[in-house]
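Enquirer: return a 3D structure for these sequence lines:
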Amino acid sequence: MNNRTIARLKELTNWVMDGLADILLPKERKVRFLETLGPDGLFTKIPRSENFDFDTDKIKAIFNYKTVLCRQAIWEIKYRANAKLISDFSRLLYEFILEELGDLETFNNFTNIILIPIPSSKERQREKGFNQCVLITRELLKIDRERNSHIFTLSENFLVKEKDTAHQARVSNRRLRLKNLINTFSVNNTGLTDFGKLSEYSFIIIDDVITTGATMTEAFRTLKSAGVSLSKIRGFALAH
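Expert: Residues are numbered from 1 along each chain as shown. As a prediction, this is how the structure comes out:
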């Protein structure tokens, strides 16, 4: 049996198991189940991200969004600001980022790291009452301080979303998503003043879920336009 056949069988098995989970576990039970797992259980039960086919190795995600439990967890984080799941997933994301940073600190001098959440538009913020990416970055900073690591600094308003756009999940392909997001973000001048010389810092952009990478790509472009070297920018998400 060749590798392609094995991969196909694995994909089919996952699809069947997801279908059964959707049938056997109603939404409320799935949420309760997810909340009882804790970070170790989530890491065991939810498959890793795969087929990450972006043109850059600067964007990473932990989990496979196409699986039922992952979709449910992200929905809870994105639309209900589920504090338990934000905490558990952020702990996993923190460890994931540290692993990825190991080589960066050595080879790219990736230090003085500022966490930047993907921003919401003012309209979306009013509608939901929160930005889940801000909540995740706050949790990452909390974990960092609990461990007395002080690796990260947080700037919640460094990146600004200037205009509301169509929800990215409703835009049909990556080219249209990129077009939809052109010049959507800007760097807050106050943020620039707070941090002084940007060349002295590295930046990690945080999102909850990456689909085509269009949002993250536009965030990278915006920081680069502000004078940040691409070698000093990385993007991380909970799922893809």
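
Enquirer: which stretches of the protein form helices?
Expert: 3-24, 27-45, 68-80, 83-107, 122-128, 132-146, 174-181, 189-195, 214-225 (DSSP state H).

Enquirer: closest one to residue 62 among the ones you listed?
Expert: Evaluated with Cβ to Cβ, the helices of the chain place helix 83-107 nearest to residue 62, the distance being 5.3 Å. For glycine as for every other residue, the C-beta is placed from the backbone atoms N, C-alpha and C.

Enquirer: who touches the closest one?
Expert: 34-35, 37-39, 42-43, 60, 62, 73, 76-77, 110-111, 113, 132, 135-136, 139-140, 143-144, 151, 202, 204, 206, 234, 236, 238 (Cβ atoms under 8 Å, 6 or more residues apart in numbering).

Enquirer: are any of these buried, and which?
Expert: Those of the contacts of helix 83-107 that meet the buried threshold are 34-35, 37, 39, 42-43, 60, 62, 73, 76-77, 110, 113, 132, 135-136, 139-140, 143-144, 151, 202, 204, 206, 234, 236, 238, by 16 or more other Cβ atoms under 10 Å.

Enquirer: now render the helices of the chain as TSV, adding mean pLDDT.
Expert: Listed next are the helices of the chain as TSV, based on pLDDT from 0 to 100:
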stretch	mean pLDDT
helix 3-24	57
helix 27-45	91
helix 68-80	94
helix 83-107	93
helix 122-128	83
helix 132-146	97
helix 174-181	60
helix 189-195	64
helix 214-225	92
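
Enquirer: can you put those helices in a markdown table and add distance to residue 56?
Expert: As requested, the helices of the chain are exported to a markdown table (distance: least, Cβ to Cβ, whole Å):
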| stretch | distance to residue 56 |
| --- | --- |
| helix 3-24 | 24 |
| helix 27-45 | 25 |
| helix 68-80 | 22 |
| helix 83-107 | 13 |
| helix 122-128 | 26 |
| helix 132-146 | 20 |
| helix 174-181 | 13 |
| helix 189-195 | 24 |
| helix 214-225 | 8 |
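
Enquirer: much appreciated, bye for now.
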